[in-house]
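Novice: structure of the sequence below:
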Amino acid sequence: MIDEIIDNALREDIGDGDHSTLASIPAPAKSKAKLLVKEDGILAGVALALEIFHQFDPSLKVEVLLKDGQEVR
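Specialist: Sure, this is the predicted structure:
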């Protein structure tokens, strides 16, 4: 069921793509991202994010440094 929800959300959000991005960034381009924690708290959503990334592109490589339920500062 979660796969279907993710698939529907991706289809709705992506549509035919962001035209500015499609026009200015070559299709084979690669990049990196780093998510930073700005507030103290308990991390949640890592497992779901990994499912979304995998469904969007199974070849994406993700390095998880913190797990769901861990305190962050």
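Novice: and the strands in this protein?
Specialist: Applying DSSP state E to the chain gives strands spanning 41-42, 71-72.
Novice: just checking the distance from the first one to the centre of its chain.
Specialist: Its chain's average C-alpha position is 19 Å from that of strand 41-42, according to C-alpha atoms, centre = their mean, to the nearest Å.
Novice: on that earlier part again, with distance to M1, mean neighbour count and mean pLDDT added, can I get the strands of the chain in TSV?
Specialist: In short, each C-beta sits where N, CA and C put it, glycine included. TSV is the format used below for the strands of the chain (distance: least, C-beta to C-beta, whole Å; neighbours: other C-beta atoms under 10 Å; pLDDT from 0 to 100):
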stretch	distance to M1	mean neighbour count	mean pLDDT
strand 41-42	25	10	96
strand 71-72	29	10	94
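Novice: in TSV, list those strands along with distance to K34.
Specialist: Below are the strands of the chain laid out as TSV (distance: least, C-beta to C-beta, whole Å):
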stretch	distance to K34
strand 41-42	18
strand 71-72	14
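Novice: and these: which comes nearest D7?
Specialist: Proximity to D7 (C-beta to C-beta) singles out strand 41-42 among these, at 28.3 Å.
Novice: mind giving me the packing neighbours of that closest one?
Specialist: If contacts are counted by 3 or more C-beta pairs under 8 Å, 6 or more residues apart in numbering; DSSP states H and E, strand 41-42 sits against strand 71-72.
Novice: got a list of contacts for the strand it packs on?
Specialist: 37, 40-43, 66 (C-beta atoms under 8 Å, 6 or more residues apart in numbering).
Novice: any idea how far F53 is from the nearest residue in space to A44 that is not next to it in sequence?
Specialist: Distances taken as C-beta to C-beta, 6 or more residues apart in numbering place D68 nearest to A44, at 5.6 Å, with adjacent residues excluded. Computed as C-beta to C-beta, to the nearest Å, the D68 to F53 distance reads 15 Å.
Novice: what of K34?
Specialist: Taking C-beta to C-beta, one finds K34 at 14 Å from F53.
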